[in-house]
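J.: everything below, folded, please.
(2 chains)
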There are 2 protein chains.
Amino acid sequence: MQTIQSSSIEKRVNALRNKMREKEIDATILWDPDNEYYISGFRAISYSRPILLLVYQDKTQYILPALEEEHAKLNAHVDEFYIYYETYPHREFDTTYIQPLNRILSDLPKQTTIGLEMELVPASFAKMFESKSFHIKDVTQDLIDLRAIKDEEEIYWLEQAGHLSDVALKASFNHLEPGMSELEFDSHGDRALLEEASKEYPNHIIGYENWTCSGIERSAMPHLYSSTRKYDQNDVVVHSRQVWINGYRAENERTFLLGEPTNEQRNCLQLAIDAQQAGFDAVKPGVKASEVDIASYKVFEDAGYGKFVQHRIGHGLGLTEHEEPYLRFDNDLVLQEGMVYTIEPGIYVPGVGGFRHSDTVIVTKDGCHSITKYPRDLESLLF
Amino acid sequence: MQTIQSSSIEKRVNALRNKMREKEIDATILWDPDNEYYISGFRAISYSRPILLLVYQDKTQYILPALEEEHAKLNAHVDEFYIYYETYPHREFDTTYIQPLNRILSDLPKQTTIGLEMELVPASFAKMFESKSFHIKDVTQDLIDLRAIKDEEEIYWLEQAGHLSDVALKASFNHLEPGMSELEFDSHGDRALLEEASKEYPNHIIGYENWTCSGIERSAMPHLYSSTRKYDQNDVVVHSRQVWINGYRAENERTFLLGEPTNEQRNCLQLAIDAQQAGFDAVKPGVKASEVDIASYKVFEDAGYGKFVQHRIGHGLGLTEHEEPYLRFDNDLVLQEGMVYTIEPGIYVPGVGGFRHSDTVIVTKDGCHSITKYPRDLESLLF
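T.: Numbering: from 1, shown residues only, chains lettered A, B, ... in the order given. Model (predicted):
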């Protein structure tokens, strides 16, 4: 089962090769699982055994542990495989990734220029190359740039992830009951999305994560794992969900109010909704990341809540939970069609609560399009 | 809510300080989330914003993004906090972790020796230190060694994780139906463990991951994510689950046979059960990791299935999905009381299926004790 089409992989590898030519890099050695998946179509389940993807102008190579061999050969669009082993019957073969890597490197001409993801590879890994005569160039940013603009196939999967996240939110809200725990609320959504996915997308890989922060104290901390805390009568709850299919992620977050919220809590949630709308309105090709962030921030500032803003308005999304480029006040990056961002301005007010929706938008020719559609308005979020 | 007791943290920090004195390290700068949690009791939800924990002989410091500030101050046992910001109203403050780090470093005497996790920190991060006059020593192995022996509090949480994983397996098997998908099978277990956790462990952080590989082809690949593939009439299924509470993980895996398995499939599962028992029997203080791996492997070899072994018998477990030290044929490490391992020998036979149970054991004074207890015998796993 190859989940990413050959034609997409071919375009991506060629785009990387173009960058390598521009930077005069002879071989790029990838270490990061998401970068490897993007370039080869193969993702392992765990990386406690290192996996390397080597890209040259004329071929690609994988260095893999034996237990990924069959899986990789089914999924990866790659020319050559080097397998290493960890078991007694294979003790005469390579038993670490370093052995095949060293053989490959020793066949390269001296002064070869090698591209490494210097912001992602371990320091000890980069040091192995420094002790040889190679010239190292950092390719972290090149991969970020390639991955920032999504192709048609990626957008298809992002849309499906958005749909599944909406199914999950709907189910969680349909089952909302007083006294249920954060994790129980999440679990109704999990179950619904898995049922929907099993029906609609047979033989695909689905994943999800939830972070539900309930209560005045917990909701006012923007980043917490869901816990077994039970909902109280008049809680503010920030429910956050990411869903992925074939690796592509949608983020979908809603703040909701239980029981009898105070006027300030209602106002704060309305402000977060308005700030998010200002973000949606600002996103289009040619606009700077900083402009989107500041447009949204101004809504909070004008209402006197500017000091309760703790984070940027959004982050890139695709294969990684948070990916660059970020929508920050100090980022001059110009938005382009095909980029994907979360729009999630929030305020965290001590004694009142936290207030943030998040939606995932694709930058279109003249604006943006949200792949997450669960209702955002205040009235739909009072329970 | 501090989830790890002060007394445990104090012991761990002191143990790290002892190692620093032995190695003449003045300051250790931790980057890895699990190492930071182990030493401070605080875990953030995401690390797209770097978080550093600095440990000296006389104090500890955190460098954190603003949105983790309140959460960290509730949970972390740390002396000083340096906060950096990413929002427009805070544009006059530090806006990256590098600013406070540079101020801290510039106050240190020249020739200070700094400990870094060289196998975990990005190469670009280590390079910042090399360009200054500091002496760098690798502390990766020191943290592995500290974390390998679990303390009483850690063992308590591991036991709870084991219990929750058993609850989940029981529920998944109770709901087993022909034609359900891998992910639906998982979801019954998820729901049951969240209900149990919400009842038994209020206000704690629970997490889980499942990998269910069904069918002759998928089960024969040891490492796959659960998919929406539906169970077939005569499937071999390897269901794998990790559950964690307060960060501490138990792994619990069972292979089961649906419908009318062939004699070879029954024999292969019985072999995996016997090989696992040989592993349990071999684990005790004073034994080498290699001896456990080879004892288990011999069961497969004696039956003529040695060539279908693709991976080591087990890995360390605690805060990280797979943690060192590993139970490999070439590891001379001597087991000690308080270490925690998975015991999970497996064979993957083309055209027949994959066969592997995994349980999580704690090394005791004279053997080992499994924290996962779901039935392992063949008869219990025929459906």
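J.: can you give me the strands for the stretch 101-250 of chain A?
T.: Ranges of strands within the stretch 101-250 of chain A are A:113-116, A:135-138, A:206-214, A:236-245, A:248-257, based on DSSP state E, counting those that start in this stretch.
J.: check the offset of the fourth one from the chain's centre.
T.: On the basis of C-alpha atoms, centre = their mean, to the nearest Å, the separation between the geometric centre of strand A:236-245 and that of its chain is 13 Å.
J.: then the second one?
T.: Here the centre of strand A:135-138 is set off from its chain's centre by 26 Å, with C-alpha atoms, centre = their mean.
J.: flag every buried residue along that strand.
T.: Neighbour-count burial for strand A:135-138 flags A:Ile136, A:Lys137, A:Asp138 (criterion: 16 or more other C-beta atoms under 10 Å in any protein chain shown). C-betas here are computed from N, CA, C, even on glycine.
J.: can you check which helix is longest in chain A?
T.: When chain A is parsed with DSSP state H, its longest helix is helix A:152-174.
J.: quick one: that one near chain B?
T.: No - Helix A:152-174 is not in contact with chain B by C-beta under 8 Å from any C-beta of the partner chain; minimum separation 10.9 Å.
J.: same question for that helix, mean pLDDT?
T.: Across helix A:152-174, pLDDT averages out at 97.
J.: what comes up buried for that helix?
T.: Within helix A:152-174, judged by 16+ other C-beta under 10 Å, the buried ones are A:153-155, A:157-173.
J.: need the helices for the stretch 251-383 of chain A, in chain order.
T.: Per DSSP state H, counting those that start in this stretch, the stretch 251-383 of chain A carries helices over the ranges A:263-282, A:289-302.
J.: closest to chain B out of those helices?
T.: helix A:289-302 (5.0 Å; C-beta to the nearest C-beta).
J.: report the buried residues of the closest one.
T.: Quick answer for helix A:289-302 (16+ other C-beta under 10 Å): A:Ala289, A:Ser290, A:Glu291, A:Val292, A:Asp293, A:Ile294, A:Ala295, A:Ser296, A:Tyr297, A:Val299, A:Phe300.
J.: that helix packs against which elements?
T.: On a contact count with 3 or more C-beta pairs under 8 Å, 6 or more residues apart in numbering or on different chains; DSSP states H and E, helix A:289-302 meets helix A:263-282, strand A:323-327, strand A:340-343.
J.: please repeat the previous calculation with a cut-off of 7 Å.
T.: helix A:263-282, strand A:323-327 (3 or more C-beta pairs under 7 Å, 6 or more residues apart in numbering or on different chains; DSSP states H and E).
J.: pLDDT averaged over that helix - what is it?
T.: Averaging pLDDT along helix A:289-302 gives 97.
J.: residues in contact with it?
T.: Helix A:289-302 is contacted by residues A:271, A:274-275, A:278-279, A:282-283, A:306, A:309, A:312-313, A:325, A:327-333, A:335, A:345, A:347, B:87-88 when judged by C-beta atoms under 7 Å, 6 or more residues apart in numbering or on different chains.
J.: same question for stretch A:363-374.
T.: With contacts defined as C-beta under 7 Å, 6+ apart, stretch A:363-374 is touched by A:158-159, A:162, A:165-166, A:169-170, A:250, A:252, A:254, A:280, A:283-285, A:335-339, A:359-362.
J.: near chain B, which residues of the stretch 1-150 of chain A are found?
T.: A:44-46, A:48, A:66-68, A:70-71, A:86-89, A:91, A:95, A:118-124, A:126 (C-beta under 7 Å from any C-beta of the partner chain).
J.: buried ones among those residues?
T.: The buried subset of these - by 16+ other C-beta under 10 Å - is A:44-45, A:66-68, A:70-71, A:86-89, A:95, A:118-124, A:126.
J.: narrow those to those in helices?
T.: Secondary structure from DSSP H places A:Glu70, A:His71, A:Ala123, A:Ser124, A:Ala126 of these in helices.
J.: I'd guessed the last one sits against A:Leu116; true?
T.: Yes - assessed by C-beta atoms under 7 Å, A:Ala126 is found in contact with A:Leu116 at 6.0 Å.
J.: and for these two, which residues touch both?
T.: Counting by C-beta under 7 Å, 6+ apart, the contacts common to A:Ala126 and A:Leu116 are A:Ile136.
J.: nearest residue to A:Arg196 other than its sequence neighbours?
T.: To be clear, residue A:196 is Glu; Arg isn't right here. A:Val167 (4.8 Å; C-beta to C-beta, 6 or more residues apart in numbering or on different chains).
J.: look up how far A:Asn252 lies from that neighbour.
T.: Distance of A:Val167 to A:Asn252, given as C-beta to C-beta, to the nearest Å: 10 Å.
J.: can you list the low-confidence ranges for the stretch 1-150 of chain A?
T.: The stretch 1-150 of chain A contains residues with pLDDT under 70 at A:1-2.
J.: if we go to 90?
T.: Residues of the stretch 1-150 of chain A that meet the criterion pLDDT under 90 lie in A:1-5, A:43-48, A:67-68, A:70-71, A:74-75, A:110-111, A:130-133.
J.: and the contacts of stretch A:47-59?
T.: Stretch A:47-59 is contacted by residues A:13, A:16-17, A:26-31, A:33, A:36, A:39-40, A:44, A:60-65, A:68, A:79-80, A:97, A:101, A:104, B:315, B:322 when judged by C-beta under 7 Å, 6+ apart.
J.: A:Phe134 reaches A:Gly115, doesn't it?
T.: No - the pair A:Phe134 / A:Gly115 is not scored as a contact, 10.5 Å apart, by C-beta under 7 Å.
J.: pick out whichever of those two has more residues nearby.
T.: A:Gly115 (24 against 20; other C-beta atoms under 10 Å in any protein chain shown).
J.: surely the more buried one touches A:Glu24?
T.: No - A:Gly115 lies out of contact with A:Glu24 (C-beta under 7 Å); the separation is 9.9 Å.
J.: now the contacts of helix A:289-302: which count as buried?
T.: Taking 16+ other C-beta under 10 Å as the criterion, what is buried in those is A:271, A:274-275, A:278-279, A:282-283, A:306, A:309, A:312-313, A:325, A:327-329, A:331, A:333, A:335, A:345, A:347, B:87-88.
J.: quick one: name the residues of the stretch 151-300 of chain A near chain B.
T.: A:181, A:183-184, A:187, A:190-191, A:194-195, A:197-198, A:201-207, A:211, A:221-225, A:227-229, A:293-294, A:297.
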